[in-house]
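Enquirer: Sharing a model that was predicted from the sequence below.
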Protein chains: 2
Amino acid sequence: MTVTLDFSKPCTHGRKNCLECDMRLLSVCGALDQTELGALESLAQTSVFEPKQTLFVEGDPAESVFTVTQGMIRLYKLVPDGRRQIVGFALPGDFLGLAMANKYGFSAESIVPTRVCRFSRAAFSAFVDQKPHLLRRLHEFATHELSLAQDQMVVLGRRNAEGKLAAFLIGLRNRIAAIAGHSVTIALPMSRQDIADFLGLTIETVSRTLSSMAKDKLILIVPDGVRLLNPKAVEALAEA
Amino acid sequence: MTVTLDFSKPCTHGRKNCLECDMRLLSVCGALDQTELGALESLAQTSVFEPKQTLFVEGDPAESVFTVTQGMIRLYKLVPDGRRQIVGFALPGDFLGLAMANKYGFSAESIVPTRVCRFSRAAFSAFVDQKPHLLRRLHEFATHELSLAQDQMVVLGRRNAEGKLAAFLIGLRNRIAAIAGHSVTIALPMSRQDIADFLGLTIETVSRTLSSMAKDKLILIVPDGVRLLNPKAVEALAEA
DNA sequence: CGTTGAGTTGACCATCGTCAACAGGAGTGG
DNA sequence: CCACTCCTGTTGACGATGGTCAACTCAACG
């Protein structure tokens, strides 16, 4: 695993090359052989986004679907009163548009410099119709997302602030580890407001709780992230 | 739509007959033609459950998958300290085992007399491998579930007790309406504890909030359910 | 060097959880 | 038939967790 995740690195507009793509085996593309990959590549268009750019908005006609190859994206829903619930963070390897529905079910904004492979939904859908093993892969991704969503329901419904933060940190660490290998330092390119809107808290409670965990020597707060000083203890908090 | 939902009615052990099944078009079976339906029927085994029986437990080897044809099932996860988060209520037409993973991701218990079609996961998986349109249907069900889960994240993370109850009532009403047509009376066969564990509240808060909504003439509390006295107002609460 | 935005910390308060008492219905047994 | 228990649900009193409002620091940026 030579892949590294650097959320601060700007994206290069390099020509797409699916065969050499670092994320291929992690993404839905991993289901395809070399010939199929070539066919899919001809449908793909690389897009890069600066931080805080909108990929799409909830309710908009879903013209494109995406595979993330670099960066991080916040996926969120807004309540009429303006409050926001982040339903997930998309990392490299993740697929946006699993439902292939007519409208997007949430909004998506880049958090850091981000690169995606964009496909026309119609073309991608037609491609999938001819590749049952790709559909199976999409289904696996969808059920994995569903499982993560159900885990997050437990976090939102049955954990206090400290448990929420611990579960968030350990969950993010594990996802990053699956991409780039293990580390005790967890990059947090998203804002405190993003974390709060993911965990059903306020920015102040996130800040206070992280400070409290730092005071207890569980974590060390570093620029754009935290270091786990006592990983076992944080894991225990995340489980309990 | 002649289907009626009666959650108190005991289940008859009638021989399965997929062609005449009321739930066929609502369930994943709706993707199949008559010949395929016959093949699937030969894999199916009808099971009935009394209230409060366990279908399967989180973490158990997933030997079976299910289509619900009658009744209601609570799907839940337990946290080590014994607290419970209900991640969904399965109604007729719903499919359990979408992930077709080795282990169940949550536990399932019947709430009322319940009937399901049970399939061996291995046999069902092999059947799906030969029917891409059935896989597509399963994928649609999975992404629909994912969408419901994301809606529930908003409810859990960003709504107060009254908003949670309103969203729960309207969401359940809409699901029942899709099966059996519209009604202003919403059957609530699950206990207050179930509702609390679904909404991230306590039983007392559920009871108090329903009482308060009744005092405001929004709803009328009836045995095993509520009647919407002011549906528009409750819908507004559910949205806002 | 002033402005802006993110983050932290403190004081106070409201919502919801906890603990407790009570009501009503179902089931059981004398 | 009545007494008893058990279970679910309701209601009240109180308290804790986390939200609100506000002040402050600090880094980035013009």
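Expert: Structure's in. What do you need?

Enquirer: What's the mean pLDDT across stretch A:136-148?
Expert: Model confidence over stretch A:136-148, given as mean pLDDT, is 98.

Enquirer: so who does A:Leu55 touch?
Expert: Contact partners of A:Leu55, counting by CB atoms under 8 Å, 6 or more residues apart in numbering or on different chains, are A:49, A:66, A:73, A:96, A:108-110, A:116. (Glycine included, C-beta is placed from N, CA and C.)

Enquirer: Work out for me the element A:Ser211 sits within.
Expert: Secondary structure from DSSP states H and E places A:Ser211 in helix A:203-215.

Enquirer: Sort out which residues of that helix are buried, please.
Expert: Of the residues in helix A:203-215, A:205-206, A:209-210, A:213 count as buried by neighbour count, 16 or more other CB atoms under 10 Å in any protein chain shown.

Enquirer: Skip the chain neighbours and tell me the closest residue to A:Leu169.
Expert: Closest residue to A:Leu169 apart from its sequence neighbours, by CB to CB, 6 or more residues apart in numbering or on different chains: A:Ile186 at 5.7 Å.

Enquirer: Against chain B, how distant is the one you found?
Expert: 21 Å (CB to the nearest CB, to the nearest Å).

Enquirer: Over to A:Val234?
Expert: Distance of A:Val234 to chain B, given as CB to the nearest CB: 15 Å.

Enquirer: Any idea how many residues pack against that residue?
Expert: Other residues near A:Val234 come to 23 when the count uses other CB atoms under 10 Å in any protein chain shown.

Enquirer: what does A:Leu156 give?
Expert: Quick note: A:Leu156 (other CB under 10 Å) scores 24 neighbours.

Enquirer: Chain neighbours aside, what residue packs nearest to it?
Expert: In space, and not counting its chain neighbours, A:Leu156 is closest to B:Leu156: 3.8 Å by CB to CB, 6+ apart.

Enquirer: helix/strand/coil for the one you found?
Expert: Secondary structure, DSSP: H, G, I helix; E, B strand; the rest coil: B:Leu156 is helix.

Enquirer: Tell me the pLDDT of it.
Expert: At B:Leu156, the model reports a pLDDT of 98.

Enquirer: show me what contacts it?
Expert: B:Leu156 makes contact with A:153, A:156-157, A:200, B:164, B:199-200, according to CB under 8 Å, 6+ apart.

Enquirer: And A:Glu58, by the same measure?
Expert: A:77-78, A:103-107.

Enquirer: just A:Arg137 next, same as before
Expert: The contact partners of A:Arg137, taken as CB under 8 Å, 6+ apart, are A:28, A:30-31.

Enquirer: Greatest separation within the contacts of A:Glu58: which pair is it?
Expert: Farthest-apart pair in the contacts of A:Glu58 is A:Leu78 and A:Lys103; separation 14.6 Å (CB to CB).

Enquirer: okay, which residue is most central for chain A?
Expert: In chain A, the residue lying closest to the centroid (CA atoms, centre = their mean) is A:Ala90, at 1.7 Å.

Enquirer: who's in contact with that residue?
Expert: A:68, A:72-75, A:96, A:108.

Enquirer: Repeat that for A:Gln34.
Expert: Here A:Gln34 is in contact with A:Leu19 (criterion: CB under 8 Å, 6+ apart).

Enquirer: Strands along chain A, start to end?
Expert: Secondary structure of chain A (DSSP state E): strands at A:45-49, A:54-56, A:64-70, A:73-78, A:84-90, A:95-96, A:107-110, A:114-120, A:185-187, A:219-222, A:225-228.

Enquirer: Save those strands as TSV, and put in distance to B:Arg84 too.
Expert: Compiled in TSV, the strands of chain A are given as follows (distance: least, CB to CB, whole Å):
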stretch	distance to B:Arg84
strand A:45-49	40
strand A:54-56	36
strand A:64-70	34
strand A:73-78	25
strand A:84-90	22
strand A:95-96	31
strand A:107-110	32
strand A:114-120	38
strand A:185-187	29
strand A:219-222	29
strand A:225-228	29
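
Enquirer: which one of those strands lies closest to A:Glu140?
Expert: Closest approach to A:Glu140 among the strands of chain A is made by strand A:95-96 (10.6 Å; CB to CB).

Enquirer: The closest one - contacts with which helices or strands?
Expert: Counting contacts by 3 or more CB pairs under 8 Å, 6 or more residues apart in numbering or on different chains; DSSP states H and E, strand A:95-96 is packed against strand A:64-70.

Enquirer: how about a cut-off of 10 Å?
Expert: Contacts defined by 3 or more CB pairs under 10 Å, 6 or more residues apart in numbering or on different chains; DSSP states H and E place strand A:95-96 against strand A:64-70, strand A:114-120, helix A:132-158.

Enquirer: quick revisit: when A:Leu78 and A:Lys103 are compared, which one has more neighbours?
Expert: A count of neighbours by other CB under 10 Å puts A:Leu78 above the other of A:Leu78 and A:Lys103, at 16 against 12.

Enquirer: quick one, what contacts the residue nearest to A:Phe168 when sequence neighbours are not counted?
Expert: Nearest non-adjacent residue to A:Phe168, counting by CB to CB, 6+ apart: A:Leu199, 5.9 Å away. Contact partners of A:Leu199, counting by CB atoms under 10 Å, 6 or more residues apart in numbering or on different chains, are A:85-86, A:152, A:155-156, A:159, A:161, A:163-165, A:167-168, A:205-206, A:209, B:157.

Enquirer: which of the buried residues of helix A:203-215 sit farthest apart?
Expert: A:Thr205 and A:Met213 (12.3 Å).

Enquirer: Any regions of chain A where pLDDT drops low?
Expert: Scanning chain A for pLDDT under 70 picks out A:1-2, A:13-15.

Enquirer: just to revisit the earlier point, return the member of the contacts of A:Ala90 nearest to DNA strand C.
Expert: Within the contacts of A:Ala90, the smallest distance to DNA strand C is 12.7 Å, found for A:Arg74 (CB to the nearest atom of the strand).
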